[in-house]
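Enquirer: Just the structure for this:
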Amino acid sequence: MTEPKLVYETLEPISVEAAEAAFRSGTPVEILYAILRLSLHGPDWELAECRALELTKHPDVEVRRNAATALSHVARIQRDLVDVDACVAALQSLLEDPEVADWADISLDEFEIYLGVRRPRPGPDLSSIGYDPTSRTLEVEFADGTIHQYLGVPLDDFEAFGEAHSLKAYLQTWIAQEYECREVKKSIPVKHLPVHEDQLKVA
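Expert: As a prediction, the model looks like this:
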């Protein structure tokens with residue numbers, strides 16, 4: 001996969017009319033800048049989400065990448081989306097696109113943090129992980145259906161856990177040793193994020 005190249009520049013607000021004109025232009029550069037500006041500044045957040053969702057299927061790779069990023073902007077700024085399921089499905093589809101997968105993965109990370117979105121993926125040990133930033137609760141669902149909640153986990157520690165090469169090893173070595181754990185019958189009300197196959201291996 002291609003690693004995202006981070007380029008920072010100031011993107012000014014854009015009117016809905018100007019954004020729509022850029023989308024109609026058919027020019028990839030105009031389109032990607034319009035969706036980024038709209039997703040960062042509004043004022044029509046529903047339109048920003050709708051257009052970004054449509055642009056995840058655009059034939060130009062840079063437009064698809066920036067559409068994924070735009071969805072994460074709206075989620076981060078608004079802490080909500082009109083159609084979370086459709087946005088998650090679009091980003092999941094982009095994970096299968098090797099030229100866009102890293103951008104989609106980063107956006108799904110932001111969905112997890114700001115929207116509490118989780119998506120399950122079966123594995124031999126851990127089935128899924130999730131995090132509630134309000135209560136600072138890390139939740140781990142195991143393949144046998146057991147759910148453990150770790151209390152008082154800072155966001156930084158959750159992010160480090162999610163990026164670990166071996167989730168199981170990191171959980172046993174760091175999280176389980178540091179934070180209070182309780183077994184629960186019902187998950188916190190968030191959707192599941194995937195556990196990647198290579199993270200299920202013990203280092």
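
Enquirer: Can you show me the CA trace of the worst-scoring helix or strand of the chain on mean pLDDT as CSV?
Expert: Here the helix or strand of the chain ranked lowest by mean pLDDT, DSSP states H and E is helix 167-170, holding a mean of 80. The C-alpha trace of helix 167-170 is given here as CSV (Å, rounded to 0.1, in the frame of the first residue of the first chain):
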residue,chain,number,x,y,z
LEU,A,167,-3.0,-6.8,20.1
LYS,A,168,-3.1,-9.9,22.3
ALA,A,169,0.5,-9.4,23.5
TYR,A,170,0.0,-5.6,24.1
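
Enquirer: That one: which residues count as buried?
Expert: For helix 167-170, the buried set under the neighbour-count rule, 16 or more other Cβ atoms under 10 Å, comprises 167-168, 170. Bear in mind the C-beta positions are built from the backbone N, C-alpha and C, glycine included.

Enquirer: go on, stretch 137-149?
Expert: 137-141, 147-149.

Enquirer: Need these in a markdown table (columns: distance to Asp44, pLDDT and secondary structure).
Expert: Formatted as a markdown table, those follow (distance: Cβ to Cβ, whole Å; pLDDT from 0 to 100; DSSP: H, G, I helix; E, B strand; the rest coil):
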| residue | distance to Asp44 | pLDDT | secondary structure |
| --- | --- | --- | --- |
| Thr137 | 34 | 91 | strand |
| Leu138 | 35 | 90 | strand |
| Glu139 | 34 | 90 | strand |
| Val140 | 38 | 89 | strand |
| Glu141 | 37 | 87 | strand |
| Ile147 | 39 | 90 | strand |
| His148 | 42 | 92 | strand |
| Gln149 | 38 | 93 | strand |
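
Enquirer: Pull the distance from the single longest helix found in the chain to the chain's centre.
Expert: Identified as the longest helix of the chain according to DSSP state H is helix 61-78. Offset of helix 61-78 from its chain centre (Cα atoms, centre = their mean, to the nearest Å): 10 Å.

Enquirer: can you list contacts of it?
Expert: Residues outside helix 61-78 that contact it (Cβ atoms under 8 Å, 6 or more residues apart in numbering): 4, 28-29, 31-32, 35-36, 38-40, 45, 48-49, 51-58, 81, 87, 90-91, 94, 97, 99-100, 103-104, 106-107, 110-111, 114-115.
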